Structure formats: C-alpha cells, structure tokens
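**Q** need a 3D model of the sequence below.
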Amino acid sequence: MIKLLVTDLDDTLYSWIDFFIPAFYGMVDELSLILNVPKSDLLNEYQQVHQKKGSVEYPFATLLLPSVKIMYPNKTKEELLNILNPAFHRFNSIRKRKLELYPDVRETLKEIAGMGIKIVGYTDSAEENGFYRLKRLEIDNYFQRVYVSDSQFERPDTLPSSEKTEIVQGKKPNPGIIKKICGREDIDIKETVYLGDSLTKDIYMANQAGVTSVLCKYPCDIKAKEDLYNKLVAISHWTKLDFEQEKAIKEICKKESIHPDFTIHSFKEILTVIQTLNKTSL
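**A** Okay, here's the model as predicted:
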C-alpha cells in the first residue's frame, strides 16, 4: 500500500518559469529606467550575482548589482529598498498575477491526504522560495514536511523558519536524499511514490532510489516555453560545469533507457496511479 507521496514543487504543482521569468524581466525593465542602464547590462550583472550565490532566486540580488552600487555608493540597505521599490513592486505584481496552481492540484492533494497518505515536498529551492510559494498558494497545510536546499540568504528575525521545513544537502539527482526522506518519514521505499517533472533530475533519481517514479508531462505551448527557457539561461546561476553534468545525465538516461514507471498528463491522474499500485499490492 502507498503510504508516502514525495512530490517536487516547481513545474509539478505550478509552473515556475511561467511566473518567474515575466516577473523578473518586468523588474529589470523598471530597474533599467531607474538606473538609466541598458537592460542587457543589468541581465549580465544579475547572472554574475546569481552564479556567485548559487541561485537565480537570491533575495536582494538587486542590491548587489555593480550598477546599483555605482549609482548609490553611500545609501543604506533601507534607503536602496525604498529607491528601487518600483522595480520590486513590478516583480511582485506580476508574480501575484501569474503564480497559480495547475488544475486540480489543491483538490487532489486534499483527497490524497484524506486517504491517510503522508505528503512531503522535495525541492532544490531554498525555504524562502519553495515553501513560501506553498504558503502563498495556500496548500502548505497538506504537507507534513518540505525538504528544501540550503541558502546563502541570512534570514532576518522577522522571517522565522517554518517547523515544516528541513534542509537537505546536495542537489538533484541524488537518490541518497530520497532514501533519507523515506527513513526520516519512517516509510518503506516500496510504499513510496515520487512525483516530478524532470526525467534527468526527478525520474532518474527516483529510479536509482528504488521508489515508484511518476513523470508529470502536462500539455504546454512548446515555443513559449522555449522562449522563457532561453531568457532563464541568460540570467541563470548554472555554470559551464552544471551544463556539462546535465548533458552527461541526459546521455546516461538515453543509454540506459531511463523512463518513469508512470506518466501523467494532469495532476489528478496521480490518484489513478495510487489506486493502481494499491490494487496490485493486495
């Protein structure tokens, strides 16, 4: 019987790239006007900061941009936040409009929890990003725990960590973390389902760990996604080594014919997967 659902967050429960890239580029448009600096220069500066911090979602990355430091060398952090507020407001307004759950996610999570199945999240995002989105989307109550990545962001006292989050070291694909999660939740690997959107990160990892793997392959506008992805690469924290490692994993997946145990095209189909697995275990 299935007792544990481990689910990825970004692009599994909601489309991360569909809200983040428009919000980020909207912010850069506004910042370009404030600083009178070409947008292309700012994008290059952001990428340098993101690579240094190891994340494209580093809070206050804008304050570390060379153009900001040159323009306002003697301003305090509070003064900078006030001056640059129109840019931050642009980001937040676009995010608020575009961050939304995929169809049936909330209802399906509620039904799974009602079946007595423990739901935990596992994300490469830091708590201030990944778990924040669950709270903003009002589905954090369905999660008993969320495993997040460490962050270089120094959390202020006004932003306490949640009791539901636990930091794990190492990025996907790391099958050892899946095994650690099962151990932490005291549930056997054979009673666990892992749900994610990436073949190379999620499915490859789940298969290596020995849990049942489910790939989310939702319908989308491929051309629009490619455009957003190219914009992401332009500001990404990924280094040349990261791209090489991703390519190597893709080759392994191709060579070893890595594939998910199940593929779903809408989130609610995970219910059918769980029902199928439970029937076969009887």
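**Q** residue 193 against residue 210, yeah?
**A** No - in this structure, residue 193 sits apart from residue 210 without contact. The criterion is Cβ atoms under 8 Å, and the distance is 11.9 Å. Every residue, glycine included, has its C-beta placed from N, CA and C.
**Q** looking at those two, which has the bigger crowd around it?
**A** Between residue 193 and residue 210, counting by other Cβ atoms under 10 Å, residue 193 is the more crowded of the two (23 against 15).
**Q** any idea which helix or strand carries the more buried one?
**A** Under the criterion DSSP states H and E, the helix or strand holding residue 193 is strand 192-196.
**Q** any chance you could read off phi and psi for residue 146?
**A** In this entry, residue 146 is assigned phi and psi values of phi -130, psi 120 (degrees, to the nearest 10).
**Q** so the residue lying closest to it once chain neighbours are set aside, which state does it fall into?
**A** On the basis of Cβ to Cβ, 6 or more residues apart in numbering, the spatially nearest residue to residue 146 that is not a chain neighbour turns out to be residue 121, at 4.0 Å. Residue 121 carries the three-state label strand when classified by DSSP: H, G, I helix; E, B strand; the rest coil.
**Q** what sits against residue 121?
**A** Counting by Cβ atoms under 8 Å, 6 or more residues apart in numbering, residue 121 touches 6, 7, 8, 9, 130, 131, 134, 143, 145, 146, 147.
**Q** touching, residue 213 and residue 261? I think so.
**A** Yes - in this structure residue 213 lies within contact range of residue 261 using Cβ under 8 Å: 5.0 Å.
**Q** who touches both of these two?
**A** Here residue 213 and residue 261 have residue 207 as joint contacts, going by Cβ under 8 Å, 6+ apart.
**Q** now the strand holding residue 193 - C-alpha only, PDB.
**A** Listed next in PDB are the C-alpha coordinates belonging to strand 192-196 (Å, rounded to 0.1, in the frame of the first residue of the first chain):
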ATOM      1  CA  THR A 192       6.600   5.500  -1.700                       C
ATOM      2  CA  VAL A 193       5.700   7.300  -4.800                       C
ATOM      3  CA  TYR A 194       7.900  10.100  -6.200                       C
ATOM      4  CA  LEU A 195       6.300  12.700  -8.500                       C
ATOM      5  CA  GLY A 196       8.300  15.200 -10.600                       C
END
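**Q** how much distance is there from the helix or strand just after it to the middle of the chain?
**A** Heading C-terminal from strand 192-196, the first helix or strand you meet, by DSSP H and E, is helix 204-209. A distance of 18 Å separates the centroid of the chain from that of helix 204-209, by Cα atoms, centre = their mean, to the nearest Å.
**Q** determine the set of other helices and strands touching helix 204-209.
**A** In terms of contacts (3 or more Cβ pairs under 8 Å, 6 or more residues apart in numbering; DSSP states H and E), helix 204-209 is packed against helix 175-185, strand 192-196, strand 212-216, helix 240-255.
**Q** go through these and name the closest to residue 41.
**A** Taking Cβ to Cβ as the criterion, helix 240-255 is the member of the helices and strands packed on helix 204-209 that comes nearest to residue 41, at 21.7 Å.
**Q** nearest spatial neighbour of residue 137, skipping sequence neighbours?
**A** Here the nearest residue to residue 137 in space, its sequence neighbours aside, is residue 101; by Cβ to Cβ, 6+ apart that works out to 5.6 Å.
**Q** do you know how far the one you found is from residue 218?
**A** Taking Cβ to Cβ, to the nearest Å as the measure, residue 101 and residue 218 are separated by 12 Å.
**Q** same check on residue 90?
**A** Taking Cβ to Cβ, one finds residue 90 at 28 Å from residue 218.
**Q** which of those two has more residues huddled nearby?
**A** Legend: neighbour count by other Cβ under 10 Å for residue 90 and residue 218, higher for residue 90 (19 against 14).
**Q** my guess is that one contacts residue 30. True?
**A** Yes - at 4.5 Å, residue 90 and residue 30 qualify as touching, with contact defined as Cβ under 8 Å.
**Q** low-confidence stretches in this protein?
**A** Applying pLDDT under 70 to the chain flags residues 153-160, 281-282.
**Q** contacting residues for residue 6?
**A** With contacts defined as Cβ under 8 Å, 6+ apart, the neighbours of residue 6 are 120, 121, 122, 178, 181, 192, 193, 194, 195, 211.
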